[in-house]
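**Student:** coordinates for the following, if possible.
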Amino acid sequence: MNDGTVTLPWLVVRQDDNGNRYRVGRYATRAEAERIADSLDGRGHKQLYWVERIGRNGTSAD
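**Tutor:** Just a heads-up that it's a prediction; the model follows:
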């Protein structure tokens, strides 16, 4: 990247037991995002964590 920007295309998303979803953080690599999601998931709370990739237009790429 020549413009000095950092690309963070991987999101960690949390869903609580009421179905509300929140972005936990953005990461440069899938491995880093999965490591964070796994560590949060291991805390034993009822929340669900997963990793999504953000597309170029800023939306989740499914």
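**Student:** tell me what the spatially most central residue of the chain is bridged to.
**Tutor:** Note on the chain: the residue nearest the mean C-alpha position is Val12, at 1.6 Å, using Cα atoms, centre = their mean. Note on Val12: beta-bridge partners by DSSP bridges are Gly25, Val51.
**Student:** from Asn20, how far out is it?
**Tutor:** When distance is defined by Cβ to Cβ, to the nearest Å, Val12 is 15 Å away from Asn20. C-beta here means a position set from N, CA and C on the backbone, and glycine is covered the same way.
**Student:** let me see the ranges of the helices in the chain.
**Tutor:** Assigned by DSSP state H, the chain shows helices spanning 30-41.
**Student:** show me where it dips below the pLDDT cut-off.
**Tutor:** Scanning the chain for pLDDT under 70 picks out the ranges 1-6, 57-62.
**Student:** so who does Val12 touch?
**Tutor:** The contact partners of Val12, by Cβ atoms under 8 Å, 6 or more residues apart in numbering, come to 23-25, 27, 33, 36-37, 40, 49-51.
**Student:** want to throw those residues into a markdown table with distance to Asp16?
**Tutor:** Shown next, in a markdown table, are the contacts of Val12 (distance: Cβ to Cβ, whole Å):
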| residue | distance to Asp16 |
| --- | --- |
| Arg23 | 13 |
| Val24 | 12 |
| Gly25 | 16 |
| Tyr27 | 21 |
| Ala33 | 19 |
| Ile36 | 17 |
| Ala37 | 15 |
| Leu40 | 12 |
| Tyr49 | 11 |
| Trp50 | 13 |
| Val51 | 17 |
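**Student:** just name the closest of these to Thr7, please.
**Tutor:** For those, the closest approach to Thr7 (Cβ to Cβ) belongs to Tyr27, at 10.3 Å.
**Student:** could you pull up the residues touching the residue nearest to Ala28 when sequence neighbours are not counted?
**Tutor:** Counting by Cβ to Cβ, 6 or more residues apart in numbering, Leu8 is the residue found nearest to Ala28 once chain neighbours are left out, at 5.6 Å. If you count contacts by Cβ under 8 Å, 6+ apart, Leu8 has them with 26-28, 54.
**Student:** let's see it at 6 Å
**Tutor:** Leu8 makes contact with 26-28 under the criterion Cβ atoms under 6 Å, 6 or more residues apart in numbering.
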